[in-house]
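Student: Here you go, sequence then predicted model.
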Amino acid sequence: MASDGTKLVSVIIPVWNGQETIDRAISSALQQEGVDVEVVVTDDCSTDNTASIVQGFGDSRVRYGKTSKNSGPSAARNLGLATARGAYISVLDADDYFEPGRMQRLVGVLENSDAALVADNMTLLNATTGEKSRYLENCDNKEPRRISLDEYFVENRLFDSRRAFGYMKPVFRADFIKNNNLSYDETLRIGEDFCLVSEIMALGGQFLLVSEPGYVYTIWQTNSTSGRMKIAPIETMIAADNRFREKYFQKLTAKEKDAANLRRRTLDEGLAYIKALNALKARKLVDAGKALAGAPTALRHLKMTLRTYWRRLAHA
């Protein structure tokens with residue numbers, strides 16, 4: 001730990017059955033130079049050899065904790081938040097890793113600004129081919145760029161073709177999170193990063209974006225969003241949006257409210273689309289019609305899916 005503790009970064013690594021990649025993740029955090037690091041691994045009741053790998057690491061900077069039951073990534077992250085001792089907090093997924101120099105660069109941005117969090121561009125790693133690419137292709141700002149709350153909402157629309165800021169992995173000021181009693185929403189297993197960052201920004205915390213990638217994000221599958229998205233996750237995101245609105249909506253500017261409403265419409269559309277698609281697959285036309293009646297604009301998603309289906313059928 002630094003003599004005054006001001007540069008200690010707590011890297012929280014939530015993990016569930018991560019024996020194949022947890023060593024790489026921990027090592028990439030410990031190898032960060034220019035800052036002091038503690039690694040807080042929070043195990044969501046893994047059933048493989050994750051625990052023995054972490055506990056056998058042989059480095060006093062690595063601490064291991066375990067949830068009382070399997071509860072999802074948000075619960076594991078909150079366990080890490082509760083025990084983190086650093087002035088800065090960074091979350092690292094167990095199948096991802098940091099590039100050298102990342103922490104020094106991002107902590108430096110926070111030290112020279114009043115921002116509550118800073119994120120960088122990411123490198124996407126295809127787990128099958130090993131191919132790498134940039135997450136934000138047109139992110140080339142030479143200086144850290146401020147992301148406004150309305151931009152953050154707009155860039156996180158469901159089923160939008162652009163890559164959302166909500167997937168990015170910020171470094172936070174620990175005191176901002178603790179002083180405002182913030183945590184990850186444990187009802188969510190998707191979109192939990194977006195919700196925490198939205199709360200921070202609604203409370204006045206600034207979000208800065210650095211163009212140079214330092215976080216390597218592993219992609220394990222290339223299925224379409226519609227193939228992976230289910231009803232329950234969208235319903236929990238809508239419920240989380242309702243809670244956000246109850247707490248913060250009246251404090252937002254008109255522009256921020258418009259952006260929040262735009263994102264909410266995409267959630268409602270997405271839910272109607274998935275319900276209608278499931279009904280059509282089950283040949284329940286009436287149920288499909290009822291689903292679309294609540295959000296008729298969702299029909300555009302359904303049309304795109306049907307066009308793709310018929311093109312594939314014709315090609316076959």
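Tutor: Structure received. Numbers count the residues shown, from 1 in each chain.
Student: State the mean pLDDT of the host helix or strand of residue 89.
Tutor: Assessed by DSSP states H and E, residue 89 sits inside strand 88-91. For strand 88-91, mean pLDDT is 98.
Student: From the structure, what's the count of residues near residue 191?
Tutor: 23 (other Cβ atoms under 10 Å). Any C-beta I mention is one placed from the backbone N, CA and C, and that applies to glycine too.
Student: Give me the nearest residue to it, chain neighbours excluded.
Tutor: residue 237 (5.0 Å; Cβ to Cβ, 6 or more residues apart in numbering).
Student: Would you confirm that the one you found belongs to a helix?
Tutor: Yes - under DSSP: H, G, I helix; E, B strand; the rest coil, residue 237 sits within a helix.
Student: surely it meets residue 188?
Tutor: Yes - between residue 237 and residue 188 there is a contact under Cβ atoms under 8 Å: 6.9 Å.
Student: if you count what's nearby, which of the two comes out ahead?
Tutor: Remark: of residue 237 and residue 188, residue 237 carries more neighbours, 24 against 20, as counted by other Cβ under 10 Å.
Student: For the more buried one, which residues are in contact?
Tutor: Shown in contact with residue 237 (Cβ atoms under 8 Å, 6 or more residues apart in numbering): 158, 188, 190, 191, 267.
Student: Of those, which belong to helices?
Tutor: residue 267 (DSSP state H).
Student: Tabulate the contacts of residue 237 in JSON lines, adding columns for pLDDT.
Tutor: Formatted as JSON lines, the contacts of residue 237 follow (pLDDT from 0 to 100):
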{"residue": "158", "pLDDT": "85"}
{"residue": "188", "pLDDT": "94"}
{"residue": "190", "pLDDT": "89"}
{"residue": "191", "pLDDT": "91"}
{"residue": "267", "pLDDT": "94"}
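Student: now the end-to-end length of stretch 110-120.
Tutor: This stretch, stretch 110-120, spans 12 Å end to end (Cα to Cα, to the nearest Å).
Student: looking at this, residue 51 is in a strand?
Tutor: No - the assignment for residue 51, made by three-state DSSP, is helix rather than a strand.
Student: Not counting residues beside it along the chain, what's closest to it?
Tutor: residue 43 (5.9 Å).
Student: Show me the domain layout of the chain.
Tutor: Using automatic domain parsing, the domains assigned to the chain come out as 8-219, 225-315.
Student: from the contacts of residue 237, which two are the most distant?
Tutor: Greatest spatial distance in the contacts of residue 237: 158 and 188, 13.7 Å, computed using Cβ to Cβ.
Student: tell me, how many neighbours does residue 163 end up with?
Tutor: Counted with other Cβ under 10 Å, residue 163 comes out at 16.
Student: Not counting its neighbours along the chain, what's nearest it?
Tutor: Residue 163 sits nearest to residue 135 (Cβ to Cβ, 6+ apart), 5.7 Å away.
Student: Tell me the secondary structure at residue 217.
Tutor: Using three-state DSSP, the structure places residue 217 in strand.
Student: in the sheet, who's paired with it?
Tutor: Beta-bridge partners recorded for residue 217 (DSSP bridges): residue 124.
Student: quick one: it from residue 163, how far?
Tutor: With the distance defined as Cβ to Cβ, to the nearest Å, residue 217 ends up 11 Å from residue 163.
Student: Residues that sit against both of the two, list them.
Tutor: Joint contacts of residue 217 and residue 163 (Cβ under 8 Å, 6+ apart) are residue 135.
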